[in-house]
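Engineer: kindly generate the corresponding structure for this input.
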Amino acid sequence: MAGNCVEVAFNKPKVELHVHLDGTIRPETILDVAKKRGIALPTDSAEDLARLCMLCKPATLTEFLCKFHHFMHVIAGDLTPDEVVDLVNRGLRAGENTFRIKARSILCCMRHMPNWSMEVVELCKKYRHSGVVAIDLAGDESLNCEAHPGHRKAFEEAVRSGVHRTVHAGEVGPPSVVKEAVEVLKAERIGHGYRTLEDRTLYEQLLKKNMHFEVCPMSSKLTGACDPDFTKHPLIRFKEDKANYSLNTDDPLIFNTTLDVDYSITQKYMNFTEKEFKRLNINAAKSSFLPEKEKKDLLNRLFDAYGMKKPALKGGTENSRDIQLIMSTHSE
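Structural biologist: The predicted structure follows:
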């Protein structure tokens, strides 16, 4: 698996904001669940199953999504969405205590299922004090909110209720999808956002707003979202412009990646330095959806780990350390 022999580019605490729970499952876990449920798989070897689920060369977003068909039927049980959210949050709390990290969930709507979105935002509201920190929207970017108003209504309710918002946009879709995410859905962060660079006016507006981009280097290569030549990646422009962004794995099972792999890629092909790694992680912490006090505690942990002087606080807009998990309430 990835990361066993990779050179560690940044051996310090990191903040990851964009990683899908259904794309992080260990092959061993899939096999265990399949055995308990009496579900036959094409192999009983964890290594062979991992290879079956992986994308190993640049493909398309459709080919990427097809990889989930190998195992989603195993983990999609008979639980209600409410039960799933509750159990995931319990698991994340246990992980927080065991590994001394921050781990929270984001509930994700799907563009092709607008009739789900109101239920998703209601779950966000119900579990906002138990681990859920935001709502998201992912899927086919050609399906806009004008044709599918269910998403707009759900995100309007999120705004009214004070639920944080992030949206997958500009990964393979045009800049207009990013514009819709910001102006219609009131997104506070953009998942991926690479195509924003094709609209200079929009990009400059988002730079001024300090919009956060959740960048996924290995993912963007293997889904065909970006040029497979990392030296031409949009992230380089983000870095040059001092944009607000984070580095993320997206779906480590499918892309056979780890944070160390993605950080190594940016160091090797994009000339990232330790100074830039520190800057992007501080910005990621500030852009996280943690409660303000936890954000401050997280930022202070980062400043200590990085040997940086803690800046004077101005009205409480400082932030925190480690991992937030994006959870899908669906299977594709």
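
Engineer: who touches stretch 164-179?
Structural biologist: 61, 106, 133-139, 141-142, 144, 155, 158-159, 180-181, 185-196, 198-199, 202-203, 206, 214, 220, 223-225, 289 (Cβ atoms under 8 Å, 6 or more residues apart in numbering). The C-beta positions use only the backbone N, C-alpha and C, and glycine is treated the same way.

Engineer: now with 7 Å?
Structural biologist: Stretch 164-179 is contacted by residues 61, 106, 133-138, 141-142, 155, 158, 181, 185-196, 198-199, 202, 225, 289 when judged by Cβ atoms under 7 Å, 6 or more residues apart in numbering.

Engineer: how long is it end to end?
Structural biologist: 18 Å (Cα to Cα, to the nearest Å).

Engineer: again with stretch 127-145
Structural biologist: Stretch 127-145: ends 25 Å apart by Cα to Cα.

Engineer: distance from the chain centre to it, please.
Structural biologist: 11 Å (Cα atoms, centre = their mean, to the nearest Å).

Engineer: filter the contacts of stretch 164-179 down to the ones in strands?
Structural biologist: Ile106, Val133, Ala134, Ile135, Asp136, Leu137, Ala138, Arg189, Ile190, Gly191, His192 (DSSP state E).

Engineer: tell me who's in contact with the residue nearest to Leu55 when sequence neighbours are not counted.
Structural biologist: Nearest residue to Leu55 in three dimensions, chain neighbours excluded: Leu222, at 4.5 Å (Cβ to Cβ, 6 or more residues apart in numbering). By Cβ under 7 Å, 6+ apart, the residues touching Leu222 are Leu55, Pro58, Ala59, Phe64, Phe255.

Engineer: hmm, 8 Å instead?
Structural biologist: Applying Cβ under 8 Å, 6+ apart to Leu222 gives the contacts Leu55, Cys56, Lys57, Pro58, Ala59, Phe64, Ile254, Phe255.

Engineer: out of those residues, which comes closest to Thr24?
Structural biologist: Distance to Thr24 across the contacts of Leu222 (Cβ to Cβ) is lowest for Ile254, with 9.5 Å.

Engineer: so where do the strands sit in the stretch 201-332 of the chain?
Structural biologist: All strands of the stretch 201-332 of the chain, identified by DSSP state E, counting those that start in this stretch, fall at 212-215, 244-247, 322-323, 325-328.

Engineer: how far does stretch 91-109 stretch from start to finish?
Structural biologist: For stretch 91-109, the end-to-end distance is 21 Å (Cα to Cα).

Engineer: again, but for stretch 54-70
Structural biologist: 10 Å.

Engineer: contacts for that stretch?
Structural biologist: 22-23, 41-42, 49, 52-53, 171-172, 221-225, 228, 251, 253-256, 331-332.
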